[in-house]
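Need the 3D shape of this:
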Amino acid sequence: MVDGPMPLSKQQLVQLIRSLILVEQSQEQRNLTSDLKYLQEDLQLKKANVYRSIPYSRLGSNRDAHCYRKAYPHLLAFKVSCEEWSQVLLRDKAWESALEHALMAWRSTSELPHWDTATHNALREQCYCVLATQCSAALQHYRPRAGKGQDLLRRLKLAQVHSQAMAPCIQELQRILQDLHASSVDAT
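Numbers count the residues shown, from 1 in each chain. Take a look at the predicted model:
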């Protein structure tokens, strides 16, 4: 019989670290979640770490499986950051900040490397899905002014070039803008 605590499995350790990060992030000042500059810097740092981890001195492709394995921990950190900040912004009901963060993170995600093996690009698609879900959740509560809504629609359509995961968000915003237009016509 073993005396003392049992060691944590790798999965338990990852879950513990994620939980601690979420607790720490949620205890930070509320204005931090609205300070998108900090969130952008965090994602840019994680993206830079991805590129720093790729060996460029090889004779072969720097987007092959070997390079992917080197970059994978940093890609995972990028994805986790997208997920966790999404959760924090949505939990704080910072709808406009959540939309801005999703679009900003979408652009950073599009700048991640494209790997030679299609399955290695799945992590990028997972980021897109997380960010599209964040957009959808924020749009269920956020009602932009007409001008702001049109600008947001333009930006969402630009984001859709990288992944079709944004399509439901575009449809939702178009419905919101139609309702806004119909209510303004009814008011006159």
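
residues in contact with the helix or strand encompassing residue 37?
Assigned by DSSP states H and E, residue 37 belongs to helix 36-53. Applying Cβ atoms under 8 Å, 6 or more residues apart in numbering, the contact partners of helix 36-53 are 32, 70-71, 73-75, 77-78, 81-82, 85, 97, 100-101, 104-105, 108, 111-113. Glycine gets a C-beta too; all of them are placed from N, C-alpha and C.

Please narrow those to those residing in helices.
With DSSP state H as the criterion, helices contain 32, 70-71, 73-75, 77-78, 81-82, 85, 97, 100-101, 104-105, 108 from among those.

Filter those down to the buried ones.
Those of the ones in helices among the contacts of helix 36-53 that meet the buried threshold are 71, 74-75, 78, 81-82, 85, 97, 100-101, 104-105, 108, by 16 or more other Cβ atoms under 10 Å.

what's the farthest-apart pair in those?
Taking Cβ to Cβ, the two most distant members of these are 71 and 97; they sit 28.9 Å apart.

Phi first, then psi, for residue 55.
Main-chain torsions, residue 55, degrees, to the nearest 10: phi -70, psi 120.

Contact partners for it?
Counted by Cβ under 8 Å, 6+ apart, residue 55 has contacts 62, 66, 67, 70.

roughly how far apart are the one residue sitting closest to the centre of the chain and residue 106?
Centroid-nearest residue in the chain: residue 82, 3.5 Å away (criterion: Cα atoms, centre = their mean). To residue 106, residue 82 is 9 Å away according to Cβ to Cβ, to the nearest Å.

same thing with residue 149?
Here the criterion is Cβ to Cβ. By it, residue 149 lies 18 Å from residue 106.

Looking at those two, which is more packed in?
Neighbours per residue, other Cβ atoms under 10 Å: of residue 149 and residue 106, the larger number sits with residue 106, 26 against 18.

How about that one, nearest residue that isn't a chain neighbour?
Distances taken as Cβ to Cβ, 6 or more residues apart in numbering put residue 159 closest to residue 106, at 4.8 Å, once the chain neighbours are dropped.

and the helix or strand harbouring that neighbour, which residues are buried?
Per DSSP H and E: residue 159 is located in helix 146-160. Buried residues in helix 146-160, counted by 16+ other Cβ under 10 Å: 149, 152, 153, 155, 156, 159, 160.
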